[in-house]
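> model this:
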Amino acid sequence: MSLFSALSVSASGMSAQRARAELLVENLANAETTRTPEGGPYRRKDVVFSSEAVSSPFSSVLNAQINAEATGVGVAEVVTDTRDPERRYLPGHPDADKDGYVAFPRVNPAEDMVDLMSATRTYQANVAAVSAVKDMIQRSLDLFR
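Predicted coordinates for the structure are as follows:
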């Protein structure tokens, strides 16, 4: 794998973790949302990752010669929680049903915060990998001086 392919792999990981972090923040922001335009409470969302081939315009000739494909990560789909909402007895709430229960999203803020920290750390690891590759490229260029 070339250095430019390594950059593409890390970039795909950064992009995937950014998408994951965006959905986790959306989940946290809507943890108490009882009414959405679709009707009912907010539904928790999460991403499903899949491996995908990444290409670098600089290394396409090299890859064609050695038949090596770099594999990165991408967002395959966004899944929505289909479980029944959590019901809480709040008879004075504007969204309460005839029995006084309100449907709340099944969002666990503690779990989503841990997942958000994991996404942040993974993003930082990819940034460190990009930085290391950048340093290797710079040192290679310095050798040619």
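> Pull the contacting residues for the spatially most central residue of the chain.
Residue closest to the average C-alpha location in the chain (C-alpha atoms, centre = their mean): residue 20, at 1.8 Å. Residue 20 makes contact with 46-47, 49, 75, 115, 119 under the criterion C-beta atoms under 8 Å, 6 or more residues apart in numbering. Heads up, the C-betas are built off the backbone N, CA and C, glycines and all.
> hmm, 7 Å instead?
47, 119 (C-beta atoms under 7 Å, 6 or more residues apart in numbering).
> element containing it?
Assigned by DSSP states H and E, residue 20 belongs to helix 3-29.
> Just the buried residues of that helix, please?
For helix 3-29, the neighbour count (16 or more other C-beta atoms under 10 Å) marks 4-17, 19-21, 23-24, 27 as buried.
> rounded to a whole number, what's the mean pLDDT of that helix?
Helix 3-29 carries an average pLDDT of 92.
> Please apply the same query to stretch 35-46.
pLDDT averaged over stretch 35-46 gives 93.
> what does stretch 51-63 give?
Computed over stretch 51-63, the average pLDDT equals 65.
> again, but for stretch 116-124
Averaging pLDDT along stretch 116-124 yields 97.
> What are the buried residues along that stretch?
Result for stretch 116-124 [16+ other C-beta under 10 Å]: buried residues 116, 119, 122-123.
> for stretch 45-57, same thing?
Result for stretch 45-57 [16+ other C-beta under 10 Å]: buried residues 45, 47, 49, 54, 56.
> State the pair within those that is farthest apart.
The most widely separated members of those, counting by C-beta to C-beta, are 45 and 56 (31.0 Å).
> in the chain, which spans are strands?
Ranges of strands within the chain are 45-54, 70-80, 86-89, 101-104, based on DSSP state E.
> Neighbouring strands of the first one in the sheet, and parallel or not?
The strands beside strand 45-54 in its sheet (DSSP bridges) come out as strand 70-80 (antiparallel).
> quick one: buried residues of whichever helix in the chain runs longest?
Secondary structure of the chain per DSSP state H: the longest helix is helix 109-143. Within helix 109-143, the residues scored as buried using 16+ other C-beta under 10 Å are 112, 115-116, 119, 122-123, 126, 129-130, 133.
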